[in-house]
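> Predicted model, plus sequence, below.
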Amino acid sequence: MQNKGMMIMEVYLDNSATTKVRKEVIDKMLEVLEEEYGNPSSLHRKGYQAEKLLKEARENVACLIGGRPEGIIFTSGGTESNNLALIGVAESLKKKGNHIISSTIEHPSILNVLKFLEESGFKVTYIEVDKKGKVNPEDVENAINDKTILISIMAVNNEIGTIEPIEEIASIAKRNGVLFHVDAVQAAGKIEIDVKKQKLDMVSLSAHKIHGPKGVGALYLSEEVRIRPIIFGGGQEKNIRSGTENMPGIVGFGVASRLAKESLEEVSQKLMGLKKRLWEGISSEIKDVHLNGPEVEEGAPHILNVSFRGVRGEVLLHALEEEGIYVSTGSACSSKKRGGSHVLKAIGLKGDLLEGAIRFSLGIFNTEEDIDYTVDILKKKVDFLRRFKRR
Ligand SMILES: Cc1ncc(COP(=O)(O)O)c(C=O)c1O
């Protein structure tokens with residue numbers, strides 16, 4: 001929270017859309033931009049220095065998910081990582097089979113790739129979720145057939161914060177000899193992701209959700225996975241992702257990953273504390289509210305999705321913005337689309353509960369004071385908008 005000029009508070013509660021970059025990350029990025037600007041492929045000293053920085057970043061990102069540094073392929077973000085995982089596996093295993101399993105509540109960077117693959121002859125089974133947004137591992141197992149080459153399920157849903165049973169799904173995938181990809185963009189740095197313990201074959205990550213810069217991410221590949229590239233060129237990133245590496249971004253991602261790993265427990269406890277305070281405040285101060293998704297303590301620590309009956313989400317979003325509070329109606333990607341969120345529809349929301357949903361997403365810079373201010377303003381705005389509507 002900040003006091004700006006005329007004492008207007010600023011409370012940023014849209015951390016699932018993106019996060020504020022940490023100072024340590026900016027400092028290291030500036031060093032790369034100003035001094036260590038070499039190309040890691042160059043054979044001279046400047047190139048060698050850059051290669052060292054690239055290696056260090058790779059180790060830090062790998063460490064965040066308990067993986068081997070050689071398994072990290074740097075990309076331009078979560079979207080590219082998801083595209084690379086799905087198209088890369090589909091292309092490399094198309095002789096073996098043409099069936100993919102995913103869920104109805106994945107991010108558009110999965111769902112739209114699957115649509116593209118379906119147009120190219122692949123078959124996709126979309127597993128439906130329960131009222132809390134959970135995938136049932138049994139449904140995944142039942143959907144596997146002899147043509148199944150890949151299962152892709154997210155670790156944490158970006159709109160409602162459901163934590164999916166990825167460890168159980170991974171065991172099913174292993175038992176059936178099918179590759180398992182996890183979109184962990186919203187999970188990394190908030191809950192434990194450990195590729196060895198959880199037996200994950202592929203994991204997508206994005207720097208800007210963990211207080212790193214935008215436009216950089218990674219796809220983790222376990223030793224067994226062979227995928228076809230989707231970008232061709234000079235052979236960087238083990239020939240899987242050509243193009244001169246985004247060094248400032250990658251180095252920033254490395255620092256953000258190291259800090260996220262070091263503070264995982266502390267951050268997740270802090271965020272859960274703030275989330276509980278927010279929900280207790282909302283549910284005790286405001287009538288006719290509905291928690292969308294998992295019970296507060298069962299979901300990811302940073303995402304709370306609430307519907308305010310009789311108030312349109314978008315109207316409330318702008319009313320809060322007037323008081324310096326930034327929230328979202330769904331995911332940042334779907335907020336400008338018409339027709340309501342595919343995730344909220346998948347968990348059975350209809351009518352004014354669907355239209356009245358607000359996503360609050362917390363980050364490391366939020367304070368209890370932010371939460372209390374938000375509850376106070378919410379109460380006033382919701383009361384006002386409901387009265388206004390009745391007139
Ligand atoms: C679950 C999930 N996957 C993928 C992405 C895409 O990541 P990026 O913005 O780095 O492309 C997002 C971003 O909102 C996300 O929430």
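Nice, thanks for sending it over. No experiment lies behind these values; they were computed from the predicted model shown. Residues are numbered from 1 along each chain as shown.

> what about the residue in the chain positioned nearest to the ligand, how many neighbours?
Nearest to the ligand in the chain, going by C-beta to the nearest ligand atom, is Gly78, at a distance of 2.5 Å. For glycine as for every other residue, the C-beta is placed from the backbone atoms N, C-alpha and C. Neighbours of Gly78 under the rule other C-beta atoms under 10 Å: 27.

> I'd guessed it sits against Ser109; true?
Yes: between Gly78 and Ser109 a contact is recorded at 6.4 Å, counting by C-beta atoms under 8 Å.

> Need the residues touching each of these two.
In terms of C-beta atoms under 8 Å, 6 or more residues apart in numbering, Gly78 and Ser109 are both contacted by the residues Asp183.

> From Tyr37, how far out is the residue of the chain closest to the ligand?
Distance, Gly78 to Tyr37, by C-beta to C-beta, to the nearest Å: 26 Å.

> could you pull out the strands for the stretch 151-300 of the chain?
Remark: strands assigned in the stretch 151-300 of the chain by DSSP state E, counting those that start in this stretch are 179-183, 202-206, 217-221, 289-292.

> now those strands as TSV including distance to the ligand, mean neighbour count and mean pLDDT?
Formatted as TSV, the strands of the stretch 151-300 of the chain follow (distance: least, C-beta to the nearest ligand atom, whole Å; neighbours: other C-beta atoms under 10 Å; pLDDT from 0 to 100):
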stretch	distance to the ligand	mean neighbour count	mean pLDDT
strand 179-183	5	28	98
strand 202-206	3	30	98
strand 217-221	5	29	98
strand 289-292	16	20	98
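
> Redo these as TSV? Include distance to Lys380.
Below are the strands of the stretch 151-300 of the chain laid out as TSV (distance: least, C-beta to C-beta, whole Å):
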stretch	distance to Lys380
strand 179-183	37
strand 202-206	35
strand 217-221	39
strand 289-292	15
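
> In contact with the residue of the chain closest to the ligand, which residues?
Shown in contact with Gly78 (C-beta under 8 Å, 6+ apart): His107, Ser109, Asp183, Val185, Ser204, Leu205, Ser206, Lys209, Gly217.

> ok, so of the residues you listed, who is nearest Ser361?
Ser361 lies nearest to Lys209 out of those, by C-beta to C-beta, at 9.6 Å.

> Leaving out the residues flanking it, which one is nearest to that closest one?
Val185 (5.7 Å; C-beta to C-beta, 6 or more residues apart in numbering).

> do the same with Ala57
Gly254 (2.9 Å).

> which bits of the stretch 51-200 of the chain sit near the ligand?
Counting by C-beta under 6 Å from any ligand atom, the stretch 51-200 of the chain comes close to the ligand at Gly77, Gly78, Thr79, Asn82, His107, Ser109, Met154, Asn158, Asp183, Val185, Gln186.

> Can you tell me the closest non-neighbouring residue to the first one?
In this structure, Gly77 finds its nearest non-sequential neighbour in Gly217, 4.1 Å apart by C-beta to C-beta, 6+ apart.

> who are the neighbours in contact with the one you found?
When contacts are counted by C-beta under 8 Å, 6+ apart, Gly217 is found next to 74-81, 185, 204-207, 253.

> Next: Ser42.
Residues near Ser42 by C-beta under 8 Å, 6+ apart: Tyr48, Ala50.

> can you give me the helices in the chain?
23-34, 45-64, 78-93, 108-119, 137-143, 166-175, 247-262, 264-285, 313-322, 342-346, 351-355, 368-390 (DSSP state H).

> just for the stretch 1-150 of the chain, where's the confidence low?
Applying pLDDT under 70 to the stretch 1-150 of the chain picks out residues 1-7.

> mind redoing it with 90?
Applying pLDDT under 90 to the stretch 1-150 of the chain flags residues 1-8.
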